[in-house]
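Novice: this one's structure only:
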């Protein structure tokens, strides 16, 4: 039997330019041999039709006149799609208004065959059909590899000869160009309070996440994270606790080691003591995490009250107190105390909630001012043949009562009195501190005796040796007081020589 092939080629379209197919190129008429004259016996004709990918073939029978037979076993027109019979036609019918045949793919095959008959008696003319390329709506189809899932996981946009997938807001298109994944890249939050949760929470987290959340507020605020009890990030249990191998939530706070969180126990409340914190959530294709949720809030950084300064005070240089940015200045009670170097020391409430100084090299201690009485004696100073000293002119002078005996001494520090060793020994041995009373602060004896100060310990020079009161070398002793003295105009230390000072023997003091 003779076979004749007719292959109809259509021009491929440029989808990116979105041009519609041209009717003159894509509309093709297919007719039986000799149409509209009667067809011959013993014919077998085949037409292979194809169009570019992304299109289907629509075949419309405009006229049908084929000798009828039961089941169209003798003369017939058969339409196939990938060897699947879409229709077998014979008889006489005007096909106007008849539903056209649509291919499933981009190919159709037409086979026209006739039987052995008397050609002179044959009056049937065969068929006439119009084929055209129509755009395939891929978006209405399922994924070729899956009978149930859509070709796009969220949004499918059809276009001439093709299609493209798109995603809802908050999602991004995967590399496979069809699956939409949660889009949780770098996100920054600058409100003073808010809520964060893992994608799809409280439902399980999607795989292959790489989320980054940055909470950043003004420097004078601290951020607090408060995780809910419902917390689960896939982990591997070990004797040392959960290990975060495939899934984790990492909390990074400036100047601190990052915290990698996983497991089923909620971290609860985390006080960051910082105005910035970064959370990074990671999942991969292994394991399943039910996710996490937290509320965050802020509080103004409070450094608390500045440390008090003994014999001094603190002054706020800013209107607001104890909060971030507050500035205080320390000072000593002048003229009786001074800061080392005479510097003004300021402290600022920093972002860590601590008072930090601009003079780290200065010790925050008020040093007593020595040898500077508030009143001076203008006359020549003598003991024998002298006159009464005015009040506050000799503020380091001390009256001692040692076991009923009167002695003298001088203030050299806030807990130390210096006197003669001979005044604090009896029979070559130091007296008991219980027998010593110290009086200071006035030049009037009656006033002075009203308020004694008590000794904590007695310290005689170790080389003092004068049992017979004839050798007064090293005749020096110290009394340590039970309580420190607060200096004022009536009580002030005398200045001691420098540590490396030397003096000639016999020099009159």
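Specialist: Good, I have the coordinates. These numbers were taken from a predicted model, which means no experiment stands behind them. Numbers count the residues shown, from 1 in each chain.

Novice: where does pLDDT dip in the stretch 251-400 of the chain?
Specialist: Along the stretch 251-400 of the chain, segments meeting pLDDT under 70 span 360-362, 380-383.

Novice: do the stretch 51-200 of the chain as well
Specialist: Ranges of the stretch 51-200 of the chain meeting pLDDT under 70: 94-97, 142-149, 170.

Novice: what helix or strand is the residue of the chain most remote from its centre on?
Specialist: Here the centre of the chain is the reference, and by CA atoms, centre = their mean the most remote residue is residue 120, at 93.3 Å. Per DSSP states H and E, residue 120 falls between elements, in no helix or strand.

Novice: now residue 446
Specialist: Going by DSSP H and E, residue 446 is part of helix 445-448.

Novice: now the residue farthest from the centre of the chain: how far from residue 40?
Specialist: Counting by CB to CB, to the nearest Å, the separation of residue 120 from residue 40 is 11 Å. For every residue, glycine as well, the C-beta is placed using N, CA and C.

Novice: same check, this time on residue 467
Specialist: For residue 467, the distance to residue 40 - CB to CB - is 161 Å.

Novice: these two: which is more packed in?
Specialist: Using other CB atoms under 10 Å, the more surrounded residue of residue 467 and residue 40 is residue 40, with 14 against 10.

Novice: tell me who's in contact with that one.
Specialist: The contact partners of residue 40, taken as CB atoms under 8 Å, 6 or more residues apart in numbering, are 33-34, 114, 119, 122.

Novice: using CSV, lay out the residues you listed together with neighbour count and secondary structure.
Specialist: Below are the contacts of residue 40 laid out as CSV (neighbours: other CB atoms under 10 Å; DSSP: H, G, I helix; E, B strand; the rest coil):
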residue, neighbour count, secondary structure
33, 13, coil
34, 12, coil
114, 23, coil
119, 12, coil
122, 15, coil
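
Novice: residue 426: which of those residues is nearest?
Specialist: Distance to residue 426 across the contacts of residue 40 (CB to CB) is lowest for residue 33, with 152.4 Å.

Novice: that closest one: what's it in contact with?
Specialist: Residue 33 neighbours (CB under 8 Å, 6+ apart): 39-40, 43, 45, 112, 126.

Novice: and what of residue 155?
Specialist: By CB under 8 Å, 6+ apart, the neighbours of residue 155 are 165-168.

Novice: wait, is residue 110 part of a strand?
Specialist: Yes: residue state for residue 110 (DSSP: H, G, I helix; E, B strand; the rest coil) corresponds to a strand.

Novice: now it: closest residue in space, sequence neighbours ignored.
Specialist: residue 47 (4.1 Å; CB to CB, 6 or more residues apart in numbering).

Novice: what number of residues lie near the one you found?
Specialist: 20.

Novice: would you mark the buried spots in the helix or strand hosting it?
Specialist: Secondary structure from DSSP H and E places residue 47 in strand 44-50. For strand 44-50, burial by neighbour count (16 or more other CB atoms under 10 Å) applies to 45-47, 49-50.

Novice: any idea of the angle the following helix or strand past that strand forms with strand 44-50?
Specialist: Where DSSP H and E defines the elements, the next helix or strand beyond strand 44-50 is strand 55-66. Put simply, strand 55-66 runs at 160 degrees to strand 44-50, going by axes from the mean of the first three to the mean of the last three CA atoms, to 10 degrees.

Novice: other SSEs contacting the following helix or strand past strand 55-66?
Specialist: Toward the C-terminal end, the helix or strand that comes next after strand 55-66 (DSSP H and E) is strand 76-81. Packing partners of strand 76-81 (3 or more CB pairs under 8 Å, 6 or more residues apart in numbering; DSSP states H and E): strand 55-66, strand 84-89, strand 107-113.

Novice: and the shortest one, what does it pack onto?
Specialist: Applying 3+ CB pairs under 8 Å, 6+ apart, we find strand 84-89 packed against strand 55-66, strand 76-81.

Novice: now that strand: how far from the chain's centre is it?
Specialist: 66 Å (CA atoms, centre = their mean, to the nearest Å).

Novice: how about residues contacting it?
Specialist: 61, 64, 66, 71-72, 76-80, 101, 103-104, 108, 127.

Novice: what count of nearby residues applies to residue 488?
Specialist: Neighbours of residue 488 using other CB under 10 Å come to 13.

Novice: I'd say it and residue 334 touch.
Specialist: No: the criterion here is CB atoms under 8 Å, and residue 488 misses it with residue 334 at 11.5 Å.

Novice: just give the number of residues close to the residue lying closest to residue 444 once chain neighbours are set aside.
Specialist: Closest residue to residue 444 apart from its sequence neighbours, by CB to CB, 6+ apart: residue 391 at 7.7 Å. Residues lying near residue 391 (other CB under 10 Å) number 15.

Novice: determine the three-state secondary structure at residue 391.
Specialist: coil.
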